[in-house]
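1. predicted model, plus sequence, below.
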Amino acid sequence: MRIMIFVAAIVSSLIMVAQASEPEIATLRKAPLAEAPQALRMTPQSNTDIRRTRNYPEQPPVIPHKIEAY
């Protein structure tokens, strides 16, 4: 019986130490979940039908197209 009490005391103390030293979760939001940060400005889109130049001889053609519905 004493061994069980001793084991329970050790386990509870280990749990308390683990909870006290638990690091904060890293997120990509860079803001708390309760806040809605300001969205970044979108870059201007180029939706022209002008043929683009290729960067190297075997490059597939770069075809401009709308990506709004993706």
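-> Arrived safely, thanks for sending. Numbering: from 1, shown residues only.
2. which residues of this structure fall in helices?
-> In order along the chain, the chain carries the following helices (DSSP state H): 2-20.
3. below-threshold pLDDT in it: ranges please.
-> 17-25, 46-49, 64-67, 70 (pLDDT under 70).
4. for the residue positioned nearest the centre of the chain, give its distance to Ala8.
-> Geometric centre of the chain, nearest residue: Leu28, 3.9 Å, by C-alpha atoms, centre = their mean. From Leu28 across to Ala8, the span is 40 Å (C-beta to C-beta, to the nearest Å). Where C-beta positions appear, they are placed from N, C-alpha and C, glycine not excepted.
5. and what of Ile50?
-> In this structure, Ile50 and Ala8 are 75 Å apart, going by C-beta to C-beta.
6. which of those two has more neighbours?
-> Ala8 (10 against 7; other C-beta atoms under 10 Å).
7. list the contacts of that one.
-> Contact criterion C-beta atoms under 8 Å, 6 or more residues apart in numbering gives no residues in contact with Ala8.
8. now do it against Arg2, distance only.
-> Applying C-beta to C-beta to Ala8 and Arg2 gives a distance of 11 Å.
9. before we move on, what about Pro61?
-> Separation of Pro61 from Arg2 (C-beta to C-beta) stands at 80 Å.
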